[in-house]
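Q: Next come a sequence and a model predicted from it.
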Amino acid sequence: MLLSLATGIFYFTWVVTGAALSASLLILIIGVPLLLVFLLSVRVLSLVEGRMVETLLGVRMPRRPLYTQRDKPWLSRIGEMFTDLRTWSTMLYLLLMLPLGIVYFTVFFTALSLSLSFITAPLLVWTGLADSAISVDGWLILSVHDGIVGTSAPFWMLPAIFLGGVVLLLTSLDLARGLGRVHGWLAKHLLVREPVV
């Protein structure tokens, strides 16, 4: 899920730049071959993303694209590339990867950092690795090497903070697994062409 931010930035940039450049150069002779190369690159990115989804999320993806039949002439295969719904749904998927990547990265980075800080702050106090002081109100101010690393909390809440951090960590891992399944479902429906019966 954290990798999807980097791939989302790349995919979004590739599709927006490729589509804009291809569409703007269609009035010139160079525009048609550039559009074909762009659409072929989208199919290659679809296969690469399918392999990553299959490896990281465990969703079964096909090994080869089911786009064309080899016995057809190349002009009809090129025409099918424009009329195939999966070409356009793949571009939609590649565009969606940027906002999804931002959401995944933000949610899981925040949840992981918050849960790990809830777990480590009491451990630092209990092991004596952190300097701690009690203010007049009975609140803990945690500092390591004279730098503030945590927020204030009463001493009696340290076990609750530790357990809350463990629960938040386990919950965020379960949430990641659930979102991974949803993302795998989305990838399977937007990247894979179902065979015609």
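A: Arrived safely, thanks for sending. Residues are numbered from 1 along each chain as shown.
Q: what's the top helix by length along the chain packed up against?
A: Secondary structure of the chain read by DSSP state H shows that its longest helix is helix 85-127. Applying 3 or more CB pairs under 8 Å, 6 or more residues apart in numbering; DSSP states H and E, one finds that helix 85-127 contacts helix 3-24, helix 31-57, strand 139-144, helix 158-191. Glycine gets a C-beta too; all of them are placed from N, C-alpha and C.
Q: The ones you listed: which one's closest to Y104?
A: helix 3-24 (5.2 Å; CB to CB).
Q: Quick one: mean pLDDT over that closest one.
A: For helix 3-24, mean pLDDT rounds to 91.
Q: buried sites along it?
A: Burial within helix 3-24, assessed by neighbour count using 16 or more other CB atoms under 10 Å, is assigned to S4, L5, T7, G8, Y11, F12, W14, V15, G18, A19, S22.
Q: and what of stretch 33-48?
A: By 16+ other CB under 10 Å, the buried positions in stretch 33-48 come out as L34, L35, F38, L39, V42, R43, L45, S46, L47.
Q: Please apply the same query to stretch 163-177.
A: G165, L168, L169, S172, A176.
Q: how far away is the residue lying closest to the second one once chain neighbours are set aside from L170?
A: Meaning L168. Residue nearest to L168 in three dimensions, not counting chain neighbours: S115, with 3.9 Å by CB to CB, 6 or more residues apart in numbering. Per CB to CB, to the nearest Å, S115 is found 8 Å from L170.
Q: list the residues that contact both of the two?
A: Taking CB atoms under 8 Å, 6 or more residues apart in numbering as the contact rule, S115 and L170 touch no residue in common.
Q: nearest spatial neighbour of L57, skipping sequence neighbours?
A: Nearest non-adjacent residue to L57, counting by CB to CB, 6+ apart: G184, 4.2 Å away.
Q: okay, now M61: neighbour count?
A: Other residues within reach of M61, judged by other CB atoms under 10 Å, total 19.
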